[in-house]
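J.: okay, predicted coordinates and the sequence, questions at the end:
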Amino acid sequence: MPLRDKPIRQQLMSILLLTSGVVLVLTCAAFLAYEFLTFRQTTLKNLSTLGRVLAANSTASLAFQNEGDAREILSALRAEPHIVAAGLYGKDGKLFARYPADSPVATFPAAPDRDGYRFEHSHLVGFAPVAQASNARLGTLYLQSDLTAVYGTLRLAGALAALLMGVSLLVAYLLSATLQGTISRPILALAQTAKVVSDRHDYSVRAPKLGADELGLLTDAFNQMLSRIEDQDRARQKLITDLERSNKELEQFAYVASHDLQEPLRMVSSYTELLGRRYSDKIDDKGRTFINFAVDGAVRMQRLINDLLEFSRVSTRGKPMQPVDVNRVLGAVRANLTVAIKEASALVTNDEMPTVVADETQLIQLLQNLIGNAIKFRAGERPLVHVSARSGAAEWVFAVRDNGIGIAPVYFERIFVIFQRLHARGEYPGTGIGLAVCRRIVERHGGRIWVESAPGQGSTFYFALPTGNGGQVS
């Protein structure tokens, strides 16, 4: 898991430990490098001093060609366990005496090299001149020393550095575990408060302020933001409550007003028709035309009132949701539209329909409005209406397709608004409420409705019911 995805406590501790670890590693590396170089120089210096002493003591044995004295002088190197080999070379460059005495001659250089000391592989080797102050050079001393002491010291220093690093990292861990809370606690408090607000939608909670630093300023700003959101939410809730109450009052008013207007309209229509029949011999053609206009107006007003009642009942008189077989619903719709289907010679077909959770009465009303419109707004040919359904990720999508006159895209939204008509009353009857009722029914079920169409190419009305209350049951 990337570091940025870990909890804030682990991020802070990881950063502190990583920083401390890098500093400790660099410090220990510098310390070990210094120790290694210093001890190498010390070893070289000690071997050089030893070489000068042995060279000074070997002048007589080389001058008098006394091999026994030379071996005895070299045998004193037994006191220096790090000396691996030593040899004395004469003026002619040949090996005169060696240490250890039983060492094969082949392990020694065949001839002396240039004077000086140098590191070769895992050894320190050197050649020193053997000469008396007043005489010419008598020969050369060869010394070979291993670096066991150097590496031993380096291993000891490495162990001490590792121990120091481990103790330091432990102390750094304990300190970071304690001190990270100074930064993480305010951040965690903010995160916890944000989670509570998100889960409960409770904007009255406040994050505790744990300091006066930048995190304290952030906490203050966060709490001020919550205060503003709380005020806005309170105002929004009040507005929603007022709107709901107003909508309920308007719906009730529309229902009562529409219901109470029925009787006066029936009276106007009935008495106007009675007037026309009883006094037809006393009324001229113009008077009868006026009476017909009055009766037609009353009938249209009564139809409009009935549609308003139907529109208001979607919310006020809705039934509980329950499993509904849409195949049975389509059967009821066909029965209700028998006359319209027969008069238009329409063909209404459908695929196999699912069972959904819905208000059966309103589902019948919804499909009846859509299929009725498909038959009503027909072109010159025989109306063909097909109803289908497909299952989506979280919803059922129903489609009512026809071969009617079609709709221009500019009117796709307008047709779902109450009292909005695209045609004159003489072309197609209606009040402009049917599709508004359809939208209201679909929205009551938590779904959505839309249309796809083009003039002269028919229309397809879609409505989607979510699986929460309009989903498949079986």
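T.: Perfect, I can see it now.
J.: how does the protein divide into domains?
T.: Taking automatic domain parsing as the reference, the chain has its domains at 4-175, 199-314, 322-470.
J.: do you know which of those lies nearest residue 186?
T.: The closest of the domains of the chain to residue 186 is domain 199-314. By CB to CB, the value is 4.1 Å. For glycine as for every other residue, the C-beta is placed from the backbone atoms N, C-alpha and C.
J.: the domains of the chain into CSV, with extra columns for mean pLDDT, distance to residue 189 and mean neighbour count?
T.: Below are the domains of the chain laid out as CSV (pLDDT from 0 to 100; distance: least, CB to CB, whole Å; neighbours: other CB atoms under 10 Å):
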stretch, mean pLDDT, distance to residue 189, mean neighbour count
domain 4-175, 86, 11, 15
domain 199-314, 75, 5, 14
domain 322-470, 85, 36, 17
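J.: Throw those into TSV and include distance to residue 192, thanks.
T.: What follows is the domains of the chain, written out as TSV (distance: least, CB to CB, whole Å):
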stretch	distance to residue 192
domain 4-175	12
domain 199-314	8
domain 322-470	30
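J.: which one of the ones you listed lies closest to residue 191?
T.: Counting by CB to CB, residue 191 lies closest to domain 4-175 out of the domains of the chain; the figure is 7.9 Å.
J.: what about the longest helix in the protein?
T.: If you go by DSSP state H, the chain has its longest helix at helix 214-278.
J.: what is that helix packed up against?
T.: Counting contacts by 3 or more CB pairs under 8 Å, 6 or more residues apart in numbering; DSSP states H and E, helix 214-278 is packed against helix 181-200, helix 285-316.
J.: ok, back up a step: of the domains of the chain, which is nearest residue 193?
T.: Across these, residue 193 has its closest neighbour in domain 199-314 (4.0 Å, CB to CB).
J.: distance between stretch 342-353 and the chain's centre?
T.: Remark: stretch 342-353 is offset 48 Å from the chain centroid, using CA atoms, centre = their mean, to the nearest Å.
J.: how long is that stretch from one end to the other?
T.: Terminal residues of stretch 342-353 are spaced 24 Å apart (CA to CA, to the nearest Å).
J.: residue 188 is nearest to which of the domains of the chain?
T.: Taking CB to CB, domain 4-175 is the member of the domains of the chain nearest to residue 188, at 6.5 Å.
J.: give me phi/psi at residue 408?
T.: The main-chain torsion angles of residue 408 are listed as degrees, to the nearest 10 and equal phi -70, psi 140.
J.: not counting sequence-adjacent ones, nearest residue to it?
T.: residue 455 (5.5 Å; CB to CB, 6 or more residues apart in numbering).
J.: part of a helix, is the one you found?
T.: No. Applying DSSP: H, G, I helix; E, B strand; the rest coil, one finds residue 455 to be coil, outside a helix.
J.: for it, give me its contacts.
T.: By CB atoms under 8 Å, 6 or more residues apart in numbering, the contact set of residue 455 is 405, 406, 407, 408.
J.: pretty sure the third one sits against residue 414.
T.: Put plainly, it is residue 407. No. If you go by CB atoms under 8 Å, residue 407 and residue 414 don't touch, sitting 9.5 Å apart.
J.: need phi/psi at residue 389.
T.: phi -150, psi 140.
J.: next up, the contacts around it.
T.: By CB under 8 Å, 6+ apart, the contact list for residue 389 reads 326, 351, 353, 354, 396, 397, 398, 399.
J.: got the residues you listed as TSV, with secondary structure columns?
T.: Putting those into TSV (three-state DSSP) gives the following:
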residue	secondary structure
326	helix
351	coil
353	coil
354	coil
396	strand
397	strand
398	strand
399	strand
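J.: how about those residues in JSON lines, adding distance to residue 124?
T.: Formatted as JSON lines, the contacts of residue 389 follow (distance: CB to CB, whole Å):
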{"residue": "326", "distance to residue 124": "98"}
{"residue": "351", "distance to residue 124": "96"}
{"residue": "353", "distance to residue 124": "97"}
{"residue": "354", "distance to residue 124": "92"}
{"residue": "396", "distance to residue 124": "89"}
{"residue": "397", "distance to residue 124": "88"}
{"residue": "398", "distance to residue 124": "94"}
{"residue": "399", "distance to residue 124": "94"}
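J.: which of the contacts of residue 455 fall in helices?
T.: Using DSSP H, none of those sit in helices.
J.: what would those look like in a markdown table with distance to residue 232?
T.: Formatted as a markdown table, those follow (distance: CB to CB, whole Å):
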| residue | distance to residue 232 |
| --- | --- |
| 405 | 47 |
| 406 | 45 |
| 407 | 40 |
| 408 | 40 |
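J.: I'd like to know which of those is nearest to residue 245.
T.: residue 407 (36.1 Å).
J.: got the phi/psi numbers for that closest one?
T.: Dihedral pair for residue 407: phi -140, psi 140, per degrees, to the nearest 10.
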